[in-house]
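Kindly generate the corresponding structure for this input.
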Amino acid sequence: MRLLLDTAALIYAVHYPERLSKRAAAAVRNLDNALDLSSISIVEIAIKADSGKLEFSEVILRKAIDDLGVRIVPYRAEHASRMFGLPRHHTDPFDRQIIAQALCEKIPVVTPDQKFSLYKEITVFW
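Numbers count the residues shown, from 1 in each chain. Predicted coordinates for the structure are as follows:
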């Protein structure tokens, strides 16, 4: 199964695996699953790390991507266009972009963020 990790799920998997739900942890460990990460998550991590809000270096990010076998999904114009008319259940701009991408790609999202469930077309793994 193809799964899109949101930024928090990736951070939990690396720094706080005990915070992953049992279902999310099993999904991340299952080698039959294809784990994807939005390029938007890389931007979010870089911005938050540079501002001091997150202790997560580029080296840690690259190691996490390699260790988890994560594929990076580029953020394309069709993903951005999906933002038009997207309900405002969520106000975080990074999460809204990940939601739009998940909707376009039809990928379930691994996230602890309950607001993702408000988007009826998204399957949330947690």
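
Tell me the secondary structure of the residue lying farthest from the centre of the chain, please.
Centroid-distance maximum for the chain: G85 at 21.1 Å, with C-alpha atoms, centre = their mean. The local conformation at G85, judged by DSSP: H, G, I helix; E, B strand; the rest coil, is coil.

Which residue ranges of this structure form helices?
Ranges of helices within the chain are 7-15, 22-29, 39-50, 58-68, 77-81, 93-105, based on DSSP state H.

Find me the pLDDT at the closest residue to T7 other than its chain neighbours, would you?
Nearest non-adjacent residue to T7, counting by C-beta to C-beta, 6 or more residues apart in numbering: S41, 4.3 Å away. Glycine gets a C-beta too; all of them are placed from N, C-alpha and C. Here, the pLDDT recorded for S41 equals 98.

ditto for A49
Taking A49 on its own, its pLDDT is 96.

What of F84?
97.

ok, how many other residues are close to the residue nearest to T7?
S41 has 28 neighbouring residues, counting by other C-beta atoms under 10 Å.

again, but for R71
Neighbour number of R71 under other C-beta under 10 Å is 12.

distance of it from L5?
10 Å (C-beta to C-beta, to the nearest Å).
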